[in-house]
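Peer 1: Sequence first, predicted coordinates after that:
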Amino acid sequence: MRQPLLRLSQITKSFGAVRALKGVSFELHPGEVHALLGENGAGKSTLIKVITGAHQPDGGTLEIGGTTVSNLTPTRARKLGIACIYQQPALFPDLSVSENIGLRLEGGAFFAKVHWKQRRKNADALLARIGAALDPETPVRSLSMPEQQLVEIACALGSGAKTVIMDEPTASLTQVEQELLFGVVRDLRASGAGVVYISHRLEEIFALADRVTVLRDGQSISTRAVRSELGAMELTEEELISLMVGREVASIYPHRGGSPGETVLELENVCCAAGGIANISLAVRAGEILGLAGLVGAGRTELARVLFGITPADSGTIRLLGRNVQVRSPQQAVSLGIGYVPEDRRRHGVILPMPIAENMSMAVHPKLFPGKWLRFEAERALGLRFIEELGIKAYGPEAPGGSLSGGNQQKVSLARWLATEPRLLILDDPTQGVDVGAKSEIHRIIRDLAAKGLAVLMISSDLPEVLGMSDRIAVMRGGRLVETFEGSTATAQRVMSAALRPS
């Protein structure tokens, strides 16, 4: 067997009294896709930061290409052939796509001449290689989260790295973009590169990975081959989940509820030129989860922004509980009983340095603080209430949002809008980047909310989630609603066919 590209032996790392890694061992071989799995808080992110030089381990050894490395830095890690695609894109928002790719990949002196045509040509080639239909001159600030993720993938691909770490690379990608990425992963493996692949979507692990290492509570629990040498499966989904969480997990998708009630939201020919939305007509009823499916750029998030007043509609009719309304601002949307949990929880969902009680109270300040004085006890009581109701794992309402796992941050973002007592709740990729245990809990919470009469419009890039959670599924393509299915009869093939069918 060839020398491992990467070998970690008994790696430890502590932050104060918290032991994040407790003797983790891991190997990556040339031409291997090695999946790294575990619940949020298991130690995956810390281990990645050790490999990329962002954190120095307290103990253990790290070998790259057979050589023991100490005092690793991010710059040195890149020079040693390590590239990382993080779950949260690390791009310069005010620069263009080609400028971001150029800065990441081009060498040269500080005052070196920039060859703009060649830079654009290189960016074009990398974007085309992963199937990303993006203009290299587009400012990153104007890109959606999925589009930013595609730029990050292009950067990693262009680096020529021998070790590529992918941290939830498909978290915000839809089926077509995922398949393109899978092709990139297989090309990297065929070229002799090694891929450390982190994902909470177990179907991706079985489609791509050669081996799996499971972390739990900062320890490497087990390393297993996914298939035998003859190609037979050696792992089951149930075995992986059991290794990850150390306990039985309820079905990820709870049973659908009963019959829906009155129509809460009704749209007729709603258009918004700024959002690329045209002639949208749909209805969402009390007690119903309407799933909104489609490819990246189909207009799903743009429709959510229209309904929440961020980019108001130009024409058409919006009715809430049978009454015609105009939603011209988020403040007006909240007053009308609309809540919106956005797709990017770090930028728009949770203010990480702020205590979770303050995060939860942000949308209800006038109600919680009706006079001139802040009522901290009322705010703390609100925090305690939702910590209990949503099962948020935190030491108290004073805990900063940044101290929580991704799944618990998502619950805090959800609690902010539940505090407004909405009639319509819009969820944009509500389980993006959360582990299988937290995903199951969030699904249960959403289904319970619908059972209590809340109307839910759920956008998701995870097709199994759309199929498993939705009472009805509306499919968008090119800013238009193209087809609606009953959840009980919808299939992946029918939904994807509607999303892909040429206009």
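Peer 2: Great, that's in hand. As the structure is a computational prediction, the values presented were derived from the model and not from experiment.
Peer 1: How are the helices of the stretch 1-150 of the chain distributed by residue range?
Peer 2: Counting by DSSP state H, counting those that start in this stretch, the stretch 1-150 of the chain has helices at residues 44-51, 74-79, 97-105, 116-129, 145-158.
Peer 1: looking at those, which is buried most?
Peer 2: Ranked by mean neighbour count, the helices of the stretch 1-150 of the chain are led by helix 145-158 with a mean of 24 (mean count of other CB atoms under 10 Å). Just so you know, the C-beta spots here come from the backbone N, C-alpha and C atoms, and that holds for glycine as well.
Peer 1: so what secondary structure elements neighbour that one?
Peer 2: With contacts taken as 3 or more CB pairs under 8 Å, 6 or more residues apart in numbering; DSSP states H and E, helix 145-158 sits against strand 82-85, helix 97-105, helix 116-129, helix 175-190.
Peer 1: Quick check: buried residues in the helix or strand following it?
Peer 2: Of the helices and strands lying after helix 145-158 in sequence (DSSP states H and E), the nearest is strand 163-167. Using 16 or more other CB atoms under 10 Å as the test for burial, strand 163-167 gives T163, V164, I165, M166, D167.
Peer 1: Pull up the pairing partners for strand 163-167, direction included.
Peer 2: Paired strands of strand 163-167, with direction, are strand 82-85 (parallel), strand 194-198 (parallel) (DSSP bridges).
Peer 1: between the ones you listed, which has the poorest average model confidence?
Peer 2: Of all the strands paired with strand 163-167, the minimum mean pLDDT falls on strand 82-85 (a mean of 89).
Peer 1: Please state the offset of that one from the chain centre?
Peer 2: Chain-centre distance of strand 82-85: 18 Å, with CA atoms, centre = their mean, to the nearest Å.
Peer 1: Surely A499 is within a helix?
Peer 2: Yes. Assessed with DSSP: H, G, I helix; E, B strand; the rest coil, A499 lies in a helix.
Peer 1: And the pLDDT at it?
Peer 2: 81.
Peer 1: neighbours of it, just the number please.
Peer 2: 20 (other CB atoms under 10 Å).
Peer 1: That one against G478, yeah?
Peer 2: No. With contact defined as CB atoms under 8 Å, A499 does not reach G478; the gap is 10.1 Å.
Peer 1: quick one: which of the strands paired with strand 163-167 is nearest T73?
Peer 2: strand 82-85 (11.2 Å; CB to CB).
Peer 1: So which bits of the worst-scoring helix or strand of the chain on mean pLDDT are buried?
Peer 2: Here the helix or strand of the chain ranked lowest by mean pLDDT, DSSP states H and E is helix 237-245, holding a mean of 77. Neighbour counts using 16+ other CB under 10 Å place L240, I241, L243, M244, V245 of helix 237-245 among the buried residues.
Peer 1: Quick check: what element follows it along the chain?
Peer 2: Under the assignment DSSP H and E, the closest C-terminal helix or strand after helix 237-245 is strand 263-272.
Peer 1: what angle sits between whatever helix or strand R416 lives in and helix 44-51?
Peer 2: Using DSSP H and E, the element containing R416 is helix 406-418. Angle of helix 406-418 versus helix 44-51, following axes from the mean of the first three to the mean of the last three CA atoms, to 10 degrees, is 130 degrees.
Peer 1: how about I426, secondary structure?
Peer 2: Under three-state DSSP, I426 comes out as strand.
Peer 1: got the contact list for it?
Peer 2: For I426, the contacting residues are A304, L307, F308, I338, G339, Y340, V341, L457, I459, by CB atoms under 8 Å, 6 or more residues apart in numbering.
Peer 1: Need the residues you listed in CSV (columns: secondary structure).
Peer 2: Below are the contacts of I426 laid out as CSV (three-state DSSP):
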residue, secondary structure
A304, helix
L307, helix
F308, coil
I338, strand
G339, strand
Y340, strand
V341, strand
L457, strand
I459, strand
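Peer 1: Please check those residues and keep the buried ones.
Peer 2: Buried among those by 16+ other CB under 10 Å: A304, L307, F308, I338, G339, Y340, V341, L457, I459.
Peer 1: looking at it, the fifth one is touching A415, isn't it?
Peer 2: No. When contacts are counted by CB under 8 Å, G339 is not listed as touching A415 (10.4 Å).
Peer 1: could the buried residues of helix 237-245 be laid out in TSV, adding distance to A35?
Peer 2: Shown next, in TSV, are the buried residues of helix 237-245 (distance: CB to CB, whole Å):
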residue	distance to A35
L240	9
I241	14
L243	12
M244	11
V245	16
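Peer 1: and which of these is nearest to L21?
Peer 2: Ranked by distance to L21 (CB to CB), the buried residues of helix 237-245 are led by M244 at 16.5 Å.
Peer 1: so who does the residue nearest the centre of the chain touch?
Peer 2: Nearest residue to the geometric centre of the chain (CA atoms, centre = their mean): Q432, 3.1 Å. Residues counted as contacts of Q432 (CB under 8 Å, 6+ apart) are A171, S172, E343, R345, S461, D462.
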